[in-house]
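J.: Here is my input; please provide its structure:
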Amino acid sequence: MAGAGCEPDQWVWIDEGDAADIPFASAMEAARSALEGAFAGVDVVVQPSGGREKRLLVADMDSTMITVECIDELADYAGIKPQIAEITEAAMRGELDFAAALDARVALLKGLDAAAIERCRNERVRLMPGASTLVRTMRARGATTILVSGGFTAFAEPVAAEIGFDRAIANRLDVADGQLAGTVAKPIVDSATKEQTLRAARADLNLPDDSTLAVGDGANDLAMINIAGLGVAYHAKPVVAAAAAARIDHNDLTSLLWAQGIARSQWVDSTRSV
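T.: Residues are numbered from 1 along each chain as shown. This next block holds a predicted model:
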């Protein structure tokens, strides 16, 4: 860091052996460049020390708060997972228009028994490690938490309830005669919706920009990541990791508590109600 022009001050442990704070006076980008990738398996978040604990969390769901892409798993029950997963991957890399890609994938699911939704949720959807601890700890400390997904309410609402989010926003699959109709209700929850949700919540709560945290993995998360006080690319697609001011490549979601200076002794157990 000294060689990069950002002489460090005395560093301290947040949690000994796991997370540390290294104060320095200036040159944030130089410090990030010097430290990222310098230590195998170590994530680096460079940020101003003031306002580091956040009062608003806006989070993506698929491959961020849960381990899977729900539409891909739902497609498996229709026997077309590879076809849909290819479109999903391209959309998350930013190579396709999100809304058009969603319409195209949902159309391929037309005629699937609607009971497959609940079966998929029960059999395939698993929480990302650290998701509940992150959300419940932030809420216990006074933060507002919102799940905003380009996926579907049939997954997002129960996931949000299980994790402990204040509320969830997602797309609604159309169902007719017990089968998927092949359409999704409009307007589609997309990148603009995620950005607008963060802006609106920030205004409603009368928060400064630096009191907000956004986290996601796909190209449709970049707009909200870019305007958050701390915007985090979580195990993200290359286009997102390259553009975000912070990224987590190795650790689980509890690393976002360390990023806020919150030690493990202050974390809320994921089984505790909020």
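J.: Beyond the lengthiest strand in the chain, next helix or strand please.
T.: For the chain, the longest strand by residue count, based on DSSP state E, is strand 144-152. Counting by DSSP states H and E, the element after strand 144-152 in chain order, helix or strand, is helix 153-163.
J.: Can you list the neighbours in contact with that following helix?
T.: For helix 153-163, contacts defined as CB atoms under 8 Å, 6 or more residues apart in numbering pick out 61, 65-66, 70, 117-118, 120-121, 125, 127, 131-132, 135-136, 147, 149, 167-173. Bear in mind the C-beta positions are built from the backbone N, C-alpha and C, glycine included.
J.: mind listing what's buried in the helix or strand just after it?
T.: Following helix 153-163 in sequence order, the next helix or strand is strand 167-171 (DSSP H and E). By neighbour count on 16 or more other CB atoms under 10 Å, the buried set for strand 167-171 is 168, 169, 170, 171.
J.: on that earlier part again, let me see the mean pLDDT of the longest strand of the chain.
T.: Mean pLDDT, computed over strand 144-152, is 98.
J.: coming back round to it: what's the closest of the buried residues of strand 167-171 to residue 197?
T.: The closest of those to residue 197 turns out to be residue 169 (CB to CB; 6.2 Å).
J.: Parallel or antiparallel, which strands does the longest strand of the chain pair with?
T.: According to DSSP bridges, strand 144-152 forms sheet pairs with strand 56-59 (parallel), strand 167-171 (parallel).
J.: need those strands in CSV with mean pLDDT, can you?
T.: Shown next, in CSV, are the strands paired with strand 144-152 (pLDDT from 0 to 100):
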stretch, mean pLDDT
strand 56-59, 98
strand 167-171, 98
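J.: Tell me which of these lies nearest to residue 95.
T.: With CB to CB, the closest approach to residue 95 among those belongs to strand 167-171: 20.3 Å.
J.: Next secondary structure element downstream of that closest one?
T.: Once the chain leaves strand 167-171, the next helix or strand it forms, by DSSP H and E, is strand 173-176.
J.: Compute the inter-axis angle for the host helix or strand of residue 135 and helix 153-163.
T.: Assigned by DSSP H and E, residue 135 belongs to helix 131-140. Angle of helix 131-140 versus helix 153-163, following axes from the mean of the first three to the mean of the last three CA atoms, to 10 degrees, is 70 degrees.
J.: if I pick the nearest residue to residue 264 once chain neighbours are set aside, what's in contact with it?
T.: Distances taken as CB to CB, 6 or more residues apart in numbering place residue 15 nearest to residue 264, at 4.9 Å, with adjacent residues excluded. Contact analysis of residue 15 by CB under 8 Å, 6+ apart lists 258, 263, 264.
J.: Tell me the one of those residues nearest residue 245?
T.: Nearest to residue 245 among the contacts of residue 15: residue 258, at 16.4 Å, using CB to CB.
J.: what sits opposite the nearest residue to that closest one once chain neighbours are set aside in the beta ladder?
T.: Nearest residue to residue 258, sequence neighbours excluded (CB to CB, 6+ apart): residue 19, at 3.9 Å. For residue 19, the beta-bridge partners are residue 15 (DSSP bridges).
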